[in-house]
Structures are given as structure tokens and as C-alpha cells.
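Student: For reference, the sequence and a predicted model appear below.
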Amino acid sequence: MRLILESDGDIVSLIRSAEAESIVVIVRPPANALWTALARAAIPPLAIERAPGCRVNAVFAEEGARDADVDAAADFLDHARSTTGQIIDVRPPALG
């Protein structure tokens, strides 16, 4: 299950309310650096809390990241059956 975390959204409530074997939270570029740090810090403990019946991972997409790259990262985490509590950062393509 893919969940989109809106800027300044509550990642804890979002993950705790989801019912699935696999949760991949997609985080788009936020406006607040503190909120981003808190969201990142929440992923591993929430993965432990939801285990063993649910895997929790996240994709943090930076400004300019391609949708196809974000989708590929989310697909990987969704299908990586032994992976939980992980974060993949997706950056925009390099120029040049």
C-alpha cells in the first residue's frame, strides 16, 4: 500500500491507521526541515511497532525528482519482502 504524506502531515497517525502487509510512505518535498527530520526519524520505530505483520518503508522525493524514479523506488520497497524500516532518497537527475 502506498501512502502519500502531505507536507506537515502526521506520519505516525498515517502509518498506524493503515492496514496492509506492506506500507510505503511517499514524502514529497516539504516546506519545513524539522518536519522532514521528524518524519525520517519515525520510520524505523514505526516499522518495529508494526512488525511482524506489516513492513513499513519510505521514499523521500526531493524537489525535481522524476515521478518514474519515485515509483521505481516505491515498487522496489513494496516487493522487497525482507526489508522494513528503510528509506530511499530520490533526487533529481544530475545536470550535464
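Tutor: Cool, the structure landed. The structure presented is a predicted model; accordingly, all values stated were derived computationally and were not measured.

Student: how about the spatially most central residue of the chain, secondary structure?
Tutor: Closest to where the C-alpha atoms of the chain average out (Cα atoms, centre = their mean) is Ala58, at 1.8 Å. Under DSSP: H, G, I helix; E, B strand; the rest coil, Ala58 falls in the strand class.

Student: Quick check: bridge partners of the residue nearest to Leu5 when sequence neighbours are not counted?
Tutor: Distances taken as Cβ to Cβ, 6 or more residues apart in numbering place Val27 nearest to Leu5, at 4.8 Å, with adjacent residues excluded. C-betas here are computed from N, CA, C, even on glycine. Counting by DSSP bridges, Val27 is bridged to Leu5, Phe60.

Student: Contact partners for Val27?
Tutor: 5, 36, 39, 58-61 (Cβ atoms under 8 Å, 6 or more residues apart in numbering).

Student: same thing but 7 Å
Tutor: The contact partners of Val27, taken as Cβ atoms under 7 Å, 6 or more residues apart in numbering, are 5, 39, 58-61.

Student: Quick check: PyMOL command selecting the buried ones in those residues.
Tutor: Remark: buried members of the contacts of Val27, expressed as a PyMOL selection using 16 or more other Cβ atoms under 10 Å:
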select buried, resi 5+39+58+59+60+61
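
Student: that older thread, what does the pLDDT read for the residue nearest to Leu5?
Tutor: pLDDT for Val27: 94.

Student: next one: the one 10 residues further on
Tutor: At Ala37 the predicted local distance difference test score is 93.

Student: Over to it. Which of the three states is it?
Tutor: Look at Ala37: counting by three-state DSSP, its state is helix.

Student: where does this structure dip in pLDDT?
Tutor: Within the chain, the stretches with pLDDT under 70 are 95-96.

Student: doesn't Ala42 make contact with the residue nearest to the centre of the chain?
Tutor: No: using Cβ atoms under 7 Å, Ala58 is not in contact with Ala42; the gap is 8.9 Å.

Student: What segments of this structure are strands?
Tutor: 2-5, 22-27, 55-61, 87-90 (DSSP state E).
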